[in-house]
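S.K.: Build me a model:
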Amino acid sequence: ARCRAAMSETTDDLVLNFLRDAGVDLPEDVASLGELDTANVTAACAHCLNVIMEERGDAQRFPRKLSANPGVRFRTCTALANAISTLGFPGEIGFNHFLYPSEAETRRLMLFLVI
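M.R.: Below you'll find the model as predicted:
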């Protein structure tokens, strides 16, 4: 169990450093993927997807800031989930992964997008 916890910390450090180096605006005090809130998870996923879409020549882009409007938030998060699913994300993914992020699901999501 101790080894798994240390591995998660190392993985989180690598992913967080990668995201910051890639230009994702994350709070400096965030030290683990479990500390990312809805706005951070959405921004990180949107940034990664935008890079992937650009490399593929796809014109679709996702907003990096989540709207305050609940309907727009839901649609944005659903669109992010659909795009990630289309890329081949293993398992189910939906708007709830962004609006109600959990540490384990956020880690799976970030590893999928970053690796």
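
S.K.: Considering only helices and strands, which part of this structure has the lowest mean pLDDT?
M.R.: helix 2-21 (a mean of 76; mean pLDDT, DSSP states H and E).

S.K.: per-residue confidence averaged over the helix or strand containing Thr106?
M.R.: Using DSSP states H and E, Thr106 sits in helix 103-114. If you average the pLDDT over helix 103-114, you get 94.

S.K.: ok, now stretch 24-37?
M.R.: 94.

S.K.: contacting residues for the residue nearest the centre of the chain?
M.R.: Centrality entry for the chain: nearest residue to the mean C-alpha point is Cys45, 3.4 Å, by CA atoms, centre = their mean. Neighbour list for Cys45: Phe62, Leu80, Ile84, Phe98, Leu109, Met110, Leu113 [criterion: CB atoms under 8 Å, 6 or more residues apart in numbering]. Heads up, the C-betas are built off the backbone N, CA and C, glycines and all.
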